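Colleague: give me a model of this one.
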Amino acid sequence: MISVVASGELDDDVQMIDSGPESPQPQVVWPTLSGIKPPLLQTIELTPASVETYGASLHSTQNYMRPQGDSGKRGGSSSTTRHPASSPSGVRSRTLRHPEDTNEVRKKGACYRCRISRVKCNTDEPCHKCNIAPSKPGGEFVRETCIRDEPSKVGGVTAVHERWSWNEPLNLRRDDLKKASRGFLLVRFEDTPNGPFLKVATNSFTRPDRESNGSSLYDIIPNEGPAFDDDICNWAKNQILFENKQDFESCHEKLLQSYVETNGLQKAPRDTQTKLLEKVLRMRCMWKVWSCERFVIRTADDSPLPGSWDVSVVQDYLHRVAEQALSIVEKNILADLDKYLSPISPGDTKANISMYIAMWMILWQMILLYRQSLERTLRHQELRQQQPNAAPFVLGMNAASSKRYKFREVTEKLYNAVVVMYSELFRTRKVLEGLKDAGVNEFGNDSILYRAFRETWKARDSFYRQIDEDRGFHHNGLLGSLVVDKEKAAFKKGRGHKANV
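Modeller: Purely as a prediction, here's the structure:
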């Protein structure tokens, strides 16, 4: 049997992490607002650039499709002409001034910035919107941030079976288990030896090559219980609540867990957001197990292990369960994030603030997960280089090193993609102030949950200052330029508002 000290159980949606999107058809994830709707354009006609007139009704449609407050021209928007002519079936048609260019962009795909802000993209690398001056926020990272692949396709992540697997599993002869005796061990995270524990069933046996010194090797009994990974996830949830840290990363994971498990989800405008939040929380829980270098393991009566006991297989097994779970849930999350590249419906931001709060937590948690994972790969690389007579890294020289190199490469691309998504969805002062001024009613009138949000927002300010102080680290430079600098600039645009974020 396997048990875990847990404060609650996961919802059914969290347990079914291998479930794909509910429908293969694209879904509209932003709220549908009432009001005037643009006429439906069911046919597209491609004609030469001789059309020069606009219809009055079509002009009002174009104004509707622009984001609120956009009274000027958008870069590149003049190359598209809509004509009020009708097809033989009587359906209004759409005429393109440069059909060849439009078809090329459709084949290649528009970049994130153009898709989210609803402006015309082109096939340049980077495109005209992303190719901004180096002196502007994000200008020095234009090539890394003009991204066209949807999140689920970035770096070929969906083609990798177990992307988070770093090491080859330890091998055991099954014959050894025939001589094993069953028992239990208590497992805790390394930095909290008195924290919540995971109780696991084990096989203990003496390997033939270690009989001389009498040491025993412990192995977790496989397939013991219907949902061992759910037990691990609940254990990690308890660990999140137990930790007494005030940094932005710790505050954010506490906020995410509280939001998912309390009244916060009652304010989420769509079921898709509810399920996505649960998946992201599951990914954070499994990441905590995956990133733990060493577990504190004790006997069933919570006594220290004898020095002769070797429990390396126990740690290896926990890491492998976390690796497999991370690889599955990440693919599901990225497929859900694809839907958020569609434009936001025009409307009152205050009416949609709950939607923005949920998306703020989702994207920030993914940014932090990828950023912390990149930091871990760099630490491993530095430790390896510090070893005496360390040979230079050569891709393919061994399986473990090649896996870590590929992992870092793909994770960096995903990190860039999520940062760009966040910087575009939260680019305006109106949206940012809506978050900053959110009230307790946006959190289901749960005062504890609301207080957790305020503490996280305060810790965010300290985190931003840390980013500013260490722009030399590449991933800090990208985040500082696209998020910190742009948010500061957005807040400064408002009259009577403080310059700080």
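Colleague: any idea how far residue 468 is from residue 485?
Modeller: Distance, residue 468 to residue 485, using Cβ to Cβ, to the nearest Å: 9 Å. Heads up, the C-betas are built off the backbone N, CA and C, glycines and all.
Colleague: looking at these two, which is more packed in?
Modeller: residue 485 (18 against 13; other Cβ atoms under 10 Å).
Colleague: name the SS class of the more buried one, please.
Modeller: For residue 485, the assignment made with DSSP: H, G, I helix; E, B strand; the rest coil gives helix.
Colleague: and it, what pLDDT?
Modeller: Per-residue pLDDT puts residue 485 at 90.
Colleague: was I right to think residue 185 contacts residue 200?
Modeller: Yes - at 5.7 Å, residue 185 counts as touching residue 200 under the criterion of Cβ atoms under 8 Å.
Colleague: shared neighbours of these two, anything?
Modeller: Here residue 185 and residue 200 have residue 314 as joint contacts, going by Cβ atoms under 8 Å, 6 or more residues apart in numbering.
Colleague: ok, the two, which is more surrounded?
Modeller: Counted by other Cβ under 10 Å, residue 185 and residue 200 do not tie: residue 200 has more neighbours, with 28 against 22.
Colleague: ramachandran angles for residue 187?
Modeller: phi -120, psi 130 (degrees, to the nearest 10).
Colleague: show me how the chain divides into domains.
Modeller: Following the assignment in automatic domain parsing, the chain carries domains at 112-144, 230-385+393-492.
Colleague: lowest average pLDDT across the ones you listed?
Modeller: domain 112-144 has the lowest average pLDDT among those, namely a mean of 82.
Colleague: what packs against the longest helix along the chain?
Modeller: Of all segments of type helix in the chain, defined using DSSP state H, the longest is helix 353-386. Here helix 353-386 touches helix 248-261, helix 271-291, helix 312-337, helix 399-425, helix 429-436, helix 474-479, going by 3 or more Cβ pairs under 8 Å, 6 or more residues apart in numbering; DSSP states H and E.
Colleague: out of these, which comes closest to residue 120?
Modeller: Closest approach to residue 120 among these is made by helix 399-425 (15.5 Å; Cβ to Cβ).
Colleague: angle of the closest one against helix 353-386?
Modeller: Interaxial angle of helix 399-425 relative to helix 353-386 (axes from the mean of the first three to the mean of the last three Cα atoms, to 10 degrees): 150 degrees.
Colleague: tell me the angle helix 399-425 makes with helix 312-337.
Modeller: 30 degrees.
Colleague: how about helix 399-425: buried residues?
Modeller: Using 16 or more other Cβ atoms under 10 Å as the test for burial, helix 399-425 gives 401, 403-405, 407-408, 410-425.
Colleague: so which elements touch it?
Modeller: For helix 399-425, the packing partners by 3+ Cβ pairs under 8 Å, 6+ apart are helix 112-117, helix 142-145, helix 312-337, helix 353-386, helix 474-479.
Colleague: run the last query once more with 6 Å
Modeller: Using 3 or more Cβ pairs under 6 Å, 6 or more residues apart in numbering; DSSP states H and E, the elements in contact with helix 399-425 are helix 112-117, helix 353-386.
Colleague: tell me if residue 293 really is in a helix.
Modeller: No - counting by three-state DSSP, residue 293 falls outside a helix, being coil.
Colleague: I am finished for the moment; much appreciated.
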